[in-house]
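1. structure for the following, please:
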Amino acid sequence: PTTASAGTETGITIYGDKFGDATATLPPPGRAVLFTKTTQAGTVGHQWMMPFDGEYLFWSDDSIKVKVPSIGYDYLTGTPLNNTAGTGIIGVLRDGCIDSTASSLYVPFSAINEGILNSTGAIVVINRKLTSRNGNGGYDLYYTNAYKGLNGGAAMPAFEKSVVTWRCATGVNWRINEFADIPAAYQNNACKIDYGPMPAGVPAALVAYTEVDSISYCGTSSNDVWFAFLKKFSIVFSNTITWSTDTSTAIVLNWIDTLDMQTVATHELGHAHQLFHSNNPANLMFWLANGYKRTLHADDLSGGNHIVHISAVDTIPSCQPAMHRVAAADCNDASTGVLNIAPDVFLQYFPNPTSDYINVIIENNPPSENLEIHLFNSLGQKLRESKLWTGGEVNVIRLDGIPPGLIHALITRNGVKSGSFQIIKL
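-> Numbering: from 1, shown residues only. The predicted structure is shown next:
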């Protein structure tokens, strides 16, 4: 094929002559297939990467079949880090010389894989999946106080639009919640969204970084690993960048030290979706922020759908609950909050973010207890208040006339504060 994704076990066949006869499927000594490396730092000259031995399917003197790899060795250094096959020519290494193809292989996306050592010291490539880490079929995301305060709270609606973009496109099960509202049993699995300096060991010049905080494996032994799965991730947005958080218009930016939060957030969430960089400039996952990209290119959508396809299925035998695909009817609700306002009394609020209204449902509140909701802006000015009906009825709180931004909701019970939450008004 002339188009093949990386990290999906898709194989290509290379025809020629004098490749050298192989033993089994491995290439002869001093010979290898070379793929164009996805550039991540603007390097000059052609950058090559090589597959691990287990990615070769067939090698003969006149044909080679090999999987398109998302991980492998750097050709020059031999290091197995940050090496992803991207769109470009293919080479065959023969005794120090490289013969390359006249035409390019188009790589639409690269799915993140893991390489593990088996008992013989060989590297085995396995899928990395998304699973259920919050007891509700997916992952809980939460904001730090630093991110909440960015641009007066305006960064949150921008980020949540990015979450909704992925949820509605692929069904990935992410929801945004207050950390305190995440059940204690799942707080350690929650994914942090932060604003500040880059973590230790990460280049300080990066504008944002998605860190895989923890992964684990399903299998019986190092010789029988079925797949890896993401336990949690975190995203930090650099505090050295001026962030535009206007989600309604595309203002002119220099894309150097002033960037669009929604574009960068959607890209970083692509990494959390288990996609590597691309070297196709039109792709959302292109390695360089080079303009507004708030929606998914067809290549990015294909990559996201692949990850959800392998993740939202029960594995047999199963060692980790499968991720539950978000229903299309629910994809625009990135956050359905639950607030415990008294012993055995719970308040649900949704959708959040929202543009026109928010629904509030009270469960188990005695009829004698009077509940009210009070809405305030970031300056502490009261916007409106309303009595809340209990017993499972839906209270529709209208937000007409309130400008976009962060709204603070205070719940009182018989005139005494019993809880609070935040509404993102789009």
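2. my read: residue 282 touches residue 298, true?
-> No - using Cβ atoms under 8 Å, residue 282 makes no contact with residue 298, being 9.2 Å away. All C-beta spots, glycine's among them, are computed from the backbone N, C-alpha and C.
3. the strand or helix carrying residue 309 - what's its average pLDDT?
-> Element membership of residue 309 [criterion: DSSP states H and E] is helix 298-311. Helix 298-311 shows a mean pLDDT of 96.
4. and it, what's buried?
-> Of the residues in helix 298-311, 299-301, 303-308, 310-311 count as buried by neighbour count, 16 or more other Cβ atoms under 10 Å.
5. phi first, then psi, for the one residue sitting closest to the centre of the chain.
-> For the chain, residue 272 is the residue whose C-alpha lies nearest the centre (Cα atoms, centre = their mean; 2.1 Å). Per-residue torsions, residue 272: phi -60, psi -30 (degrees, to the nearest 10).
6. tell me the confidence at residue 337?
-> 64.
7. can you offset everything so residue one is 578?
-> Happy to do that; since the first residue is 578 now, the last one works out to residue 914.
8. how about the helices in the stretch 778-927 of the chain?
-> Ranges of helices within the stretch 778-927 of the chain are 838-849, 875-888, based on DSSP state H, counting those that start in this stretch.
9. what packs against the first one?
-> For helix 838-849, the packing partners by 3 or more Cβ pairs under 8 Å, 6 or more residues apart in numbering; DSSP states H and E come out as helix 732-747, strand 785-798, strand 801-815, helix 875-888.
10. whatever helix or strand comes next after the first one pairs with which strands, parallel or anti?
-> Which is helix 732-747. Going down the chain from helix 732-747, the next helix or strand is strand 751-753, by DSSP H and E. With DSSP bridges as the test, strand 751-753 is paired with strand 716-720 (parallel).
11. can you name the residues in contact with whichever helix or strand comes after the partner strand?
-> Under the assignment DSSP H and E, the closest C-terminal helix or strand after strand 716-720 is helix 722-725. Contacts with helix 722-725, where a contact means Cβ atoms under 8 Å, 6 or more residues apart in numbering, come from 732-733, 736, 770-773, 814, 816, 983, 999.
12. which residues of the stretch 878-1003 of the chain fall in strands?
-> For the stretch 878-1003 of the chain, the strands defined by DSSP state E, counting those that start in this stretch occupy 912-919, 922-929, 934-940, 948-953, 959-965, 971-975, 982-990, 993-1002.
13. buried ones in the longest one, by neighbour count?
-> Buried residues in strand 993-1002, defined by neighbour count with 16+ other Cβ under 10 Å: 995-1002.
14. quick one on the thing from earlier: figure out which of the helices of the stretch 778-927 of the chain is closest to residue 666.
-> Proximity to residue 666 (Cβ to Cβ) singles out helix 875-888 among the helices of the stretch 778-927 of the chain, at 18.9 Å.
15. by contact count, what packs against the closest one?
-> strand 700-706, helix 732-747, helix 838-849.
16. make a markdown table from the strands of the stretch 878-1003 of the chain and add distance to residue 710 to it.
-> Output for these, formatted as a markdown table (distance: least, Cβ to Cβ, whole Å):
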| stretch | distance to residue 710 |
| --- | --- |
| strand 912-919 | 17 |
| strand 922-929 | 21 |
| strand 934-940 | 25 |
| strand 948-953 | 31 |
| strand 959-965 | 32 |
| strand 971-975 | 29 |
| strand 982-990 | 27 |
| strand 993-1002 | 22 |
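17. lowest-confidence stretch among these?
-> The bottom spot among the strands of the stretch 878-1003 of the chain, by mean pLDDT, belongs to strand 912-919, with a mean of 69.
18. okay, the helices of the stretch 778-927 of the chain in TSV with distance to residue 704 next?
-> Below are the helices of the stretch 778-927 of the chain laid out as TSV (distance: least, Cβ to Cβ, whole Å):
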stretch	distance to residue 704
helix 838-849	16
helix 875-888	6
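19. residue 681 is nearest to which of these?
-> Proximity to residue 681 (Cβ to Cβ) singles out helix 875-888 among the helices of the stretch 778-927 of the chain, at 14.6 Å.
20. and the angle from that closest one to helix 732-747?
-> 70 degrees (axes from the mean of the first three to the mean of the last three Cα atoms, to 10 degrees).
21. off-centre distance for helix 875-888?
-> Going by Cα atoms, centre = their mean, to the nearest Å, the spacing between the C-alpha centre of helix 875-888 and its chain's C-alpha centre is 11 Å.
22. could you pull up the contacting residues of the spatially closest residue to residue 744 that is not a sequence neighbour?
-> Leaving aside its chain neighbours, residue 744 sits nearest to residue 908 (4.4 Å; criterion: Cβ to Cβ, 6 or more residues apart in numbering). Counting by Cβ under 8 Å, 6+ apart, residue 908 touches 741, 744-745, 748.
23. out of the residues you listed, which is most surrounded?
-> Among the contacts of residue 908, the one with the most neighbours (other Cβ atoms under 10 Å) is residue 744, at 25 neighbours.
24. about what we covered before: and which of the buried residues of strand 993-1002 is nearest residue 662?
-> For these, the nearest to residue 662 is residue 1001 (38.8 Å; Cβ to Cβ).
25. thought that closest one was touching residue 929?
-> Yes - if you go by Cβ under 8 Å, residue 1001 and residue 929 touch, sitting 5.9 Å apart.
26. report pLDDT for residue 808.
-> 95.
27. let me fix that: residue 824
-> 81.
28. kindly report the same for the one 3 residues further on.
-> Looking at residue 827, its pLDDT is 77.
29. based on its surroundings, how many neighbours for it?
-> Neighbours of residue 827 (other Cβ under 10 Å): 14.
30. then residue 832?
-> Neighbour tally, residue 832, other Cβ under 10 Å: 15.
31. repeat for the one 5 residues further on
-> Applying other Cβ under 10 Å, we find 23 other residues in the vicinity of residue 837.
32. skipping its backbone neighbours, what lies nearest it in space?
-> Residue 837's closest residue in space is residue 821 (Cβ to Cβ, 6+ apart), at 5.1 Å.
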